[in-house]
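Peer 1: I'd like to go over a predicted model; first the sequence, then the structure.
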Amino acid sequence: EGQEGAVERYGMDDAYPIDDVDEILPGLLEGRSRVYYHFGRDVDFDLKLIGWLKRVREQVRHGAQPPHEFLELGHLLHEQRLFKSRDEIALMQQAADISVRAHRAAMRLARPGMHEYALQAEVEREFRAADAWPAYGSIVGTGSNACVLHYRANNARSRDGELVLIDAGAEYRGYAADITRTFPVNGRFTPAQRALHDLVGAAQAAALAQARPGVAYEAGHLAAVQTLTEGLLRLGLLKGKLERNIAEEQYKRFYRHKTGHWLGLDVHDVGDYRLAGDSRLLEPGMVFTIEPGLYVSADDTSVDAKWRGIGIRTEDDVLITADGHRVLTDALARSADDIETEMAGVRL
């Protein structure tokens, strides 16, 4: 392969040995009016570039022409990554399908008394069996561990009557999926668990209804917040008027994060969420997560004891299409009824 392979396989004009970079780069910079570069990602290379530029400038009186414009490459690349081609969407669907199978396997395996790491192992076994890797550190939180947003220990033992939250996604051929499901380790939701799970599901449906071209990205989050706050008031976890609870962000006691993020080559993918200060409008080819949740601290004495220690998140991956959206992860049980049916199907 080497330098010749780089030119042939990647369509480059030229390729040089990396050991010669100090000698070659100043000559390549000379006479160019514009240089595209991603500043701030590699500080050492940033400093080298400044040094090479200085060498060209020192030769100005001998006729050298240093570049006079540097363009941030990241912004251009990020916009390209934000819009997925047909081939990229096909790979993302495969990553989603693998992730769906993995979550389904964990639901079917779950039993009271199992450790979090055993469920993690089942999820990641499915990933590897399909030639995929975890796109990020899998989160498996039973009981009140589900209330810890970036829980990583995955070493607690589940107890009968608890929920387990699994946030895990496969990376396949470079493209990530990102799914969260919350289910009862014994296969049956309690009434309190079901009430909060249904509310999170309603919030996700409200956000999904905003997932179409021409709608502001932020609209999904606002719809989820409204639905969650209405439900928290109805269930008695919040008190007072809807508008005031939203304006004062009282819901943040139970819902502390945004409703999603861009998805692609990274699980938290690049791309601007706002343009000229306003939430950008959704366009076909964008892929993002919709992941509302509710987290009630185990020691929150301001709410009825039946709610305490319940953490729930439901997360799916959504592609904007010309006429609306497609949920890439739609094959996985999402509602409480569907989750119970999935878990009952093969329980011994």
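Peer 2: Thanks, I have it.
Peer 1: for residue 341, list the residues it contacts.
Peer 2: residue 333 (Cβ atoms under 8 Å, 6 or more residues apart in numbering). Where you see a C-beta, it was placed from the backbone N, CA and C, and this is true even at glycine.
Peer 1: again, only this time at 10 Å
Peer 2: Listed by Cβ atoms under 10 Å, 6 or more residues apart in numbering, the contact partners of residue 341 are 187, 333, 335.
Peer 1: now the phi/psi pair for it, please.
Peer 2: The phi/psi pair for residue 341 (degrees, to the nearest 10) reads phi -60, psi -40.
Peer 1: need the pLDDT of it.
Peer 2: Model confidence at residue 341, given as pLDDT, is 96.
Peer 1: any idea how far it is from residue 101?
Peer 2: Look at residue 341 and residue 101: by Cβ to Cβ, to the nearest Å, they are 17 Å apart.
Peer 1: how about residue 255?
Peer 2: Residue 255 sits 29 Å away from residue 101, going by Cβ to Cβ.
Peer 1: the two: who's more crowded?
Peer 2: Ranked by neighbour count (other Cβ atoms under 10 Å), residue 255 and residue 101 place residue 255 first, with 21 against 18.
Peer 1: would you agree residue 78 is in contact with residue 273?
Peer 2: No - at 11.1 Å, residue 78 does not count as touching residue 273 under the criterion of Cβ atoms under 10 Å.
Peer 1: what sits in contact with each of the two?
Peer 2: With Cβ under 10 Å, 6+ apart, residue 78 and residue 273 have common neighbours residue 262.
Peer 1: so who does residue 73 touch?
Peer 2: 35, 36, 37, 38, 39, 41 are the contacts of residue 73 under Cβ under 10 Å, 6+ apart.
Peer 1: neighbours of residue 108, how many?
Peer 2: Counted with other Cβ under 10 Å, residue 108 comes out at 15.
Peer 1: check the one 4 residues further on too.
Peer 2: A count of neighbours around residue 112, defined by other Cβ under 10 Å, yields 15.
Peer 1: tell me the contacts of it?
Peer 2: By Cβ under 10 Å, 6+ apart, the neighbours of residue 112 are 142, 157, 158, 159, 160, 161, 162, 184, 185, 186, 187.
Peer 1: for the first one, what are phi and psi?
Peer 2: In terms of degrees, to the nearest 10, the main-chain angles of residue 142 are phi -90, psi 150.
Peer 1: repeat for the second one
Peer 2: According to degrees, to the nearest 10, the main-chain angles of residue 157 amount to phi -100, psi 130.
Peer 1: for it, which non-adjacent residue is closest in space?
Peer 2: Excluding the flanking residues, the one nearest residue 157 by Cβ to Cβ, 6 or more residues apart in numbering is residue 115, at 5.3 Å.
Peer 1: return the residues in contact with residue 76.
Peer 2: So residue 76 contacts 36, 38 (Cβ under 10 Å, 6+ apart).
Peer 1: Three-state assignment for it, please.
Peer 2: helix (DSSP: H, G, I helix; E, B strand; the rest coil).
Peer 1: can you check residue 288 too?
Peer 2: Residue 288 - assigned by three-state DSSP - is strand.
Peer 1: bridging residues for it?
Peer 2: Beta bridges link residue 288 to residue 262, residue 318 when assigned by DSSP bridges.
Peer 1: one more: residue 295?
Peer 2: Bridge pairing for residue 295 - DSSP bridges - gives residue 311.
Peer 1: wait, isn't it in contact with residue 232?
Peer 2: No - using Cβ under 10 Å, residue 295 makes no contact with residue 232, being 11.8 Å away.
Peer 1: of these two, give the one with the bigger neighbour count.
Peer 2: Shown here are residue 295 and residue 232; by other Cβ under 10 Å, residue 232 has more neighbours (25 against 22).
Peer 1: residue contacts, the residue nearest to that one when sequence neighbours are not counted?
Peer 2: Once flanking residues are discounted, residue 232 sits nearest to residue 238: 4.2 Å by Cβ to Cβ, 6+ apart. Residues near residue 238 by Cβ under 10 Å, 6+ apart: 228-232, 244-245, 250-251, 253-254, 302-303.
Peer 1: my guess is residue 165 contacts residue 193, does it?
Peer 2: No - applying Cβ under 10 Å, one finds residue 165 not in contact with residue 193, separated by 11.5 Å.
Peer 1: overlap in contacts of those two?
Peer 2: Shared contacts of residue 165 and residue 193 (Cβ under 10 Å, 6+ apart): 182, 183, 310, 312.
Peer 1: right, and the third one touches residue 295 too?
Peer 2: Yes - under the criterion of Cβ under 10 Å, residue 310 is in contact with residue 295, at a separation of 7.8 Å.
Peer 1: got any residues that touch both of these two?
Peer 2: Contacts common to residue 310 and residue 295, judged by Cβ under 10 Å, 6+ apart, are 144, 146, 147, 165, 196, 254.
Peer 1: if we can go back for a sec, got phi/psi on the residue nearest to residue 157?
Peer 2: Dihedral angles (degrees, to the nearest 10) for residue 115: phi -80, psi 150.
Peer 1: what do you get for residue 145?
Peer 2: Dihedral angles (degrees, to the nearest 10) for residue 145: phi -60, psi -20.
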